[in-house]
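Chemist: here's a sequence, model it:
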Amino acid sequence: MSDESLARCIARSRQALGSDSPISIKAEYGFGYRIVLPGNNETPVPHKSTKQHPRLMDTARASAPLAETVTHCGNLITLRNDHGIGQAEALLRGVLAVAPDYMAARVMLAKCLAARVTSVIGEQANLVQEGLALLEPDVRRGTPAAGLLTQWAHLLDGAWRFKEARLCHLEAIRSFPHDSEAHYHYGWHLLATGEAHKAVEALQVATELHPFSVVNALLYARALQATGDKEAATRTVSELHDRFPDNAVAALYWITIQAMQAPSQALYDAARKIHGGRMLWPLAGSNLAYIYAQCGDTHLAWRTIREADSTASTALKAAYLPPLFALGEMDEALDRAEAVVSEKCSLAPFMLRLQVNRAMLMKSERGQRILAQFDADMNMSLAG
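Modeler: Numbers count the residues shown, from 1 in each chain. Below is the predicted model of the structure:
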């Protein structure tokens, strides 16, 4: 945590306490911050009613080891890589083996499965169906658990059941208006369904509720790009990179957005320095290949694409559309776009709404036919 981030946290804590609270937070030079309580140790501390974090409350409804495990799994999932998500899935299945009624663990496992889908790790259709089956009984019963309905709606998006998903997203936000993930998932839904301006509004709320989420900020930047506001998108990614200078994801997206506008040797060199191995998320290869192609190293761009192709699913192969377009490989790019539409891959709506992909597809008759088929399928899904 940077000094600036810590200062923001303290400011928000003081705001939450309120000016009339007998409890205060004092700065202690050279040490940090100290909570000052009224009176002496015998004096009861007055309770000020504030909004509670429902997800944390639900997680706490279990023994300490199980609650700590679920919390740890949430952190692993945010890494968005095969290693972290794989660890989280194994741990959560172990928790549910001993505590099958632990709702927070079931919601977290569904989140883990959805993260596999959005990170293109594993067979998408099977993961979506497993996640829906895991949550369906509780959704049908109307179980009032934080995160349940928004996770269900996100999985419905993955199954192209957009009409049902829309209603669930709105209900999730109504029930838990301060849940950043509910707004994030709704923003994802709006981007997938082509409503970029509304997505910007939803994702702005998500980033305000969770200002330290790299994932939230990056999707917000993508939404800004989709509206054509490249300046705001660039500023958002730059600010994110400044706040998290050691985060490889933030760094790579910063380099990517710069390379879109003004490729240079400096950006190429910066991309070559990014190392992550199994700790880097699977879609990173697409960004790297795009940067290499934009900066003129076609050989390294192709090598990056081919290395991913050896084990890639249809969805992951389609994630490489931008670098293929940058390399001028239209036929191969069109083959991948056609495959992701015909298989109705979970990420197809998101990929084919990206401005860079859609603009390139519109340049050929075949690409226009692929988009026409995609749009028809989407309209049918939205109509129910």
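
Chemist: which other residues reach stretch 78-86?
Modeler: The set of residues external to stretch 78-86 that reach it, using Cβ atoms under 8 Å, 6 or more residues apart in numbering, is 76-77, 112, 115-116, 118-119, 121, 213-215, 249, 276, 278-282. Every residue, glycine included, has its C-beta placed from N, CA and C.

Chemist: and the helix or strand where residue 351 lies, what does it pack onto?
Modeler: Residue 351 is part of helix 348-353 when elements are defined by DSSP states H and E. For helix 348-353, the elements it packs on are helix 180-192, helix 314-318, helix 330-342, helix 355-361, helix 365-383, judged by 3 or more Cβ pairs under 8 Å, 6 or more residues apart in numbering; DSSP states H and E.

Chemist: which of the ones you listed sits most buried?
Modeler: Of all those, helix 180-192 has the most neighbours on average by mean count of other Cβ atoms under 10 Å, namely a mean of 25.

Chemist: give me the buried subset of the contacts of stretch 78-86.
Modeler: Burial of these was assessed by neighbour count (16 or more other Cβ atoms under 10 Å); the buried members are 76-77, 112, 115-116, 118-119, 121, 213-215, 249, 280-282.

Chemist: okay, who's weakest in the residues you listed by pLDDT?
Modeler: Of all the buried ones among the contacts of stretch 78-86, the one the model is least sure of by pLDDT is residue 280, with 73.

Chemist: let me have the helices and strands packed on helix 348-353 in CSV, extended by mean pLDDT and distance to residue 294.
Modeler: Written out in CSV, the entries for the helices and strands packed on helix 348-353 read as follows (pLDDT from 0 to 100; distance: least, Cβ to Cβ, whole Å):
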stretch, mean pLDDT, distance to residue 294
helix 180-192, 96, 23
helix 314-318, 88, 19
helix 330-342, 95, 15
helix 355-361, 91, 11
helix 365-383, 94, 20
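
Chemist: could you dump those helices to a markdown table with distance to residue 147?
Modeler: Formatted as a markdown table, the entries for the helices and strands packed on helix 348-353 read as follows, by distance: least, Cβ to Cβ, whole Å:
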| stretch | distance to residue 147 |
| --- | --- |
| helix 180-192 | 6 |
| helix 314-318 | 25 |
| helix 330-342 | 29 |
| helix 355-361 | 31 |
| helix 365-383 | 24 |
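
Chemist: wait, which of the ones you listed is closest to residue 232?
Modeler: Using Cβ to Cβ as the criterion, the shortest distance between residue 232 and the helices and strands packed on helix 348-353 is 14.1 Å, found for helix 355-361.
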